[in-house]
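Enquirer: give me coordinates for this.
(2 chains)
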Amino acid sequence: MLTIKGTGVSPGIKVGKAFLLSREGPFIPRWRISRGEVDRELARFERAVDHAKKRIIQVKDKISREMGERYADIFGAHLLVLEDISLIEETKQQVREREMNAEYIFVGVLERIAKKLSALDDEYLGGRSVDIRDVGKRVLSNMIGSKRKGLSHIKEEVIIVAHDLSPSDTATMRKETILAFATDVGGKASHTAIMARAIEIPAVVGLRNITEEVGEDDTVIVDGTEGVVIINPDEETLVKYQKKDLELKTYEKEFEDSVPLPAQTRRGHQVKLSANIEILDEIPLVLSHGAAGIGLYRTEFFYINRQKLPTEDEHYEAYKSIVEKMAPYSVTIRTFDIGGDKFISQLQLPEEMSSFRDFRSIRSYLAQPEILKVQLRAILRAAVHGELRVMYPMISRIEELRATKEILDTAKDELRRSGIRFNERIRVGAMIETPSAVMTADILAKEVHFFSIGTNDLVQYSLAADRVDEQRLQPYEPVHPGILRLIKMVIDTAHREKIPVSICGEMASEPAYIPILLGMGLDEFSMSAIAIPEAKRVIRAITMTEAKRIARKCLTMSTAEEVDRYAREKLKKIAPDVRQYYQR
Amino acid sequence: MRNNLAEVLLEVRNKTGLHMRAITLFVKQASRFSCKVTVEKNGEAVDGKSITSLMALGAEKGSKLRIVAVGDGAQQVVGKLKKLIDDKFGEK
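Expert: Next comes the predicted model:
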């Protein structure tokens, strides 16, 4: 039995068999084939290799035309890799002998070569392992990407153990087979965490070396509430956790009573409690947890893991469906924010979005306005069916906001000219996620209808920290005096300019921090649906006068730790029954 | 039959050694012939038509290589490969 402590990012307890994901790159499915299937498997592999060669030749020609032959040399080498006997023939040989699927075998062979190169003393050649993996990725994407296999191959219920999960991993999972997540790295705002909460399964991240400690098919307990993972537990421990699981479920039940009640303080100050979502499947969960709308609808999922860009109609159908299901509440769509993900290099994006690997969100729009325009046209059309708002991520200059307005105006013009129905007066917001946006909030406020503070990014950019590597970041950093003041500044400025402000970062769902934000005058809290009942309980237990006093006091403190301690003490007094559903 | 076997001992003299560009040229040249080509360094022998094996060999400037070819065109391929290396792969 081995107990590893991490960060619990999605509550609940699950016991099950471990399913270990390979650490390098995207998830590689593994399955047995019968002897009779070997030829077909080899043909599938050859097609993928041929296809990759064709692509490389295209790229090579393009580069030599545009930049000169010298720059295309490396692609000549890539082609040779795909003809390499010790890679290609070796793979085929092993497929025949081991009777396993080709991508699994191929990755094994590829990794052995890449590791051998990495081990060389020669720094240059060692660095070429990147080239080998890159070529491998082309072949793999031909085998996996188009067929959307990946985790969809898992048949029985398992606990996923991985170094980290990328959107391309989770996008292919069949939710009903996944009991829980346990990963080496990540924090509350990482993709794994968001996904786990979205599909309501327990998750513990930041376990450092869980992938090394767990063996395939080991029995694992994942306690997302305490942030603990136990490998091969003894009988006594198993019983203890089963009991705890039951307690937790009873606690959750208690909160269900608050679902139909409004989110207002004891003396009737109303705020809006809305949900963050990523996929359509989350809507039932959002409604059952009493959310009054969607405060953040992330739309990156439309773009990842596919070869072609989504069409306007694809966007439109999804948005229309969400807005209709959420009526009479509002839905706020965030235009896609691709560069925000650390795993961008592993994602398969449509070819047309190549520049999105180099730029972050708003800057990429300006590089390729056409892609944003398609999304905006769909949003404009869907906004006819209900209250749909749009907001832009990562705004740090007014020029960026104006550029998006220009694209929006073009989209409107086009729709108007084609006689397609759309909402002329759609409400537009800016996400405040950078210190510069905070400092210029008064300027930005004059050109939008609302603000939404993305605290995850704001914390990261203000404190110069990496979002995924949370080891450098204390869990209570959102109440760093610097961050609190930035938030206060945004709210005050927005209210002076008469526009509402929401927060859609994880901070909004921390029960201890809700009184502070409430006291600073925040209008809307948007969070994972499962956190809403608890948040509502806090809001209903406090008065605005108390909240204001707490906020004022917190703003005088000098460290995040101090604020955090104080906020927790206060929470205990205000809402003693709120038992920190979320472990920090 | 003598024509079917050839070997040569030489030293890598270009500045960057057997790096990507050089290996690419080497493999392309070797692959024009149907015979088997082996490159040996410090007793480690690898397939001379395999780019990844040659990379893994890590032959830098000053490395002593033994190139062996067996099969049709063995003499020619060894001659061509020797010339490539002696010409420092066209590098200055």
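
Enquirer: any idea of the mean pLDDT for the helix or strand containing residue A:125?
Expert: Using DSSP states H and E, residue A:125 sits within helix A:123-127. The predicted model assigns helix A:123-127 a mean pLDDT of 70.

Enquirer: tell me the first helix or strand C-terminal of it.
Expert: helix A:129-143.

Enquirer: thought residue A:78 was touching residue A:130?
Expert: No: contact criterion Cβ atoms under 8 Å: residue A:78 and residue A:130 do not qualify, at 11.3 Å. All C-beta atoms are positioned from the backbone trio N, CA, C, and that covers glycine.

Enquirer: neighbour-wise, which of the two wins?
Expert: residue A:78 (24 against 12; other Cβ atoms under 10 Å in any protein chain shown).

Enquirer: so who does the more buried one touch?
Expert: A:56, A:131, A:134, A:135 (Cβ atoms under 8 Å, 6 or more residues apart in numbering or on different chains).

Enquirer: wait, the last one sits on residue A:52?
Expert: Going back to what we said before, that points to residue A:135. Yes: assessed by Cβ under 8 Å, residue A:135 is found in contact with residue A:52 at 7.2 Å.

Enquirer: okay, and the common contacts of those two?
Expert: Common neighbours of residue A:135 and residue A:52 (Cβ under 8 Å, 6+ apart) are residue A:82.

Enquirer: where does the stretch 451-584 of chain A have low pLDDT?
Expert: The stretch 451-584 of chain A contains residues with pLDDT under 70 at A:466-473, A:579-584.

Enquirer: 90 - rerun?
Expert: Residues of the stretch 451-584 of chain A that meet the criterion pLDDT under 90 lie in A:456-457, A:460-461, A:463-477, A:505-506, A:509, A:528-531, A:533-534, A:575-584.

Enquirer: which stretches of the stretch 51-200 of chain A form strands?
Expert: A:158-162, A:178-183 (DSSP state E, counting those that start in this stretch).

Enquirer: same deal with the stretch 351-500 of chain A?
Expert: All strands of the stretch 351-500 of chain A, identified by DSSP E, counting those that start in this stretch, fall at A:388-392, A:427-432, A:450-453.

Enquirer: out of the ones you listed, which comes closest to residue A:374?
Expert: strand A:388-392 (13.4 Å; Cβ to Cβ).

Enquirer: what pairs with that closest one, parallel or antiparallel?
Expert: When pairing is defined by DSSP bridges, strand A:388-392 lines up against strand A:331-334 (parallel), strand A:427-432 (parallel).

Enquirer: deepest of the ones you listed, which one?
Expert: Of all the strands paired with strand A:388-392, strand A:331-334 carries the top mean neighbour count, a mean of 26, counting by mean count of other Cβ atoms under 10 Å in any protein chain shown.

Enquirer: so which helix or strand takes in the spatially closest residue to residue A:230 that is not a sequence neighbour?
Expert: Sequence neighbours aside, residue A:221 is the residue nearest to residue A:230 in space, at 4.3 Å (criterion: Cβ to Cβ, 6 or more residues apart in numbering or on different chains). Taking DSSP H and E as the criterion, residue A:221 maps to strand A:219-223.

Enquirer: list the neighbouring strands of that strand plus their orientation.
Expert: Here strand A:219-223 has these sheet partners by DSSP bridges: strand A:13-20 (antiparallel), strand A:228-231 (antiparallel).

Enquirer: list the buried residues of the longest one.
Expert: When you say that, I think you mean strand A:13-20. Going by neighbour count (16 or more other Cβ atoms under 10 Å in any protein chain shown), the buried part of strand A:13-20 is A:13, A:14, A:15, A:16, A:18, A:19, A:20.

Enquirer: quickly list what the fifth one is bridged to.
Expert: This means residue A:18. Beta-bridge partners, per DSSP bridges, of residue A:18: residue A:159.

Enquirer: what's the distance between residue A:220 and chain B?
Expert: 37 Å (Cβ to the nearest Cβ, to the nearest Å).

Enquirer: surely that residue and residue A:160 touch.
Expert: No: between residue A:220 and residue A:160 there is no contact under Cβ under 8 Å: 10.0 Å.

Enquirer: return every residue with contacts to both of those two.
Expert: Common contacts of residue A:220 and residue A:160 (Cβ under 8 Å, 6+ apart): residue A:182.

Enquirer: who touches the residue nearest to residue A:121 when sequence neighbours are not counted in this structure?
Expert: Leaving aside its chain neighbours, residue A:121 sits nearest to residue B:58 (6.9 Å; criterion: Cβ to Cβ, 6+ apart). Residues near residue B:58 by Cβ under 8 Å, 6+ apart: A:120, A:121, A:122, A:125, B:18, B:41.

Enquirer: what's the answer for residue A:333, then?
Expert: Applying Cβ under 8 Å, 6+ apart, the residues near residue A:333 are A:297, A:299, A:319, A:379, A:388, A:389, A:390, A:391.

Enquirer: tell me who's in contact with the fourth one.
Expert: Contacts of residue A:379 were listed using Cβ under 8 Å, 6+ apart, and they are A:315, A:319, A:333, A:335, A:388, A:390, A:426.

Enquirer: tell me the contacts of the second one?
Expert: Read that as residue A:319. A:331, A:333, A:378, A:379, A:382, A:388.

Enquirer: so who does the third one touch?
Expert: So that's residue A:378. A:312, A:313, A:314, A:315, A:316, A:319.

Enquirer: then the last one?
Expert: The neighbours of residue A:388, taking Cβ under 8 Å, 6+ apart as the test, are A:319, A:323, A:330, A:331, A:332, A:333, A:379, A:382, A:423, A:426.
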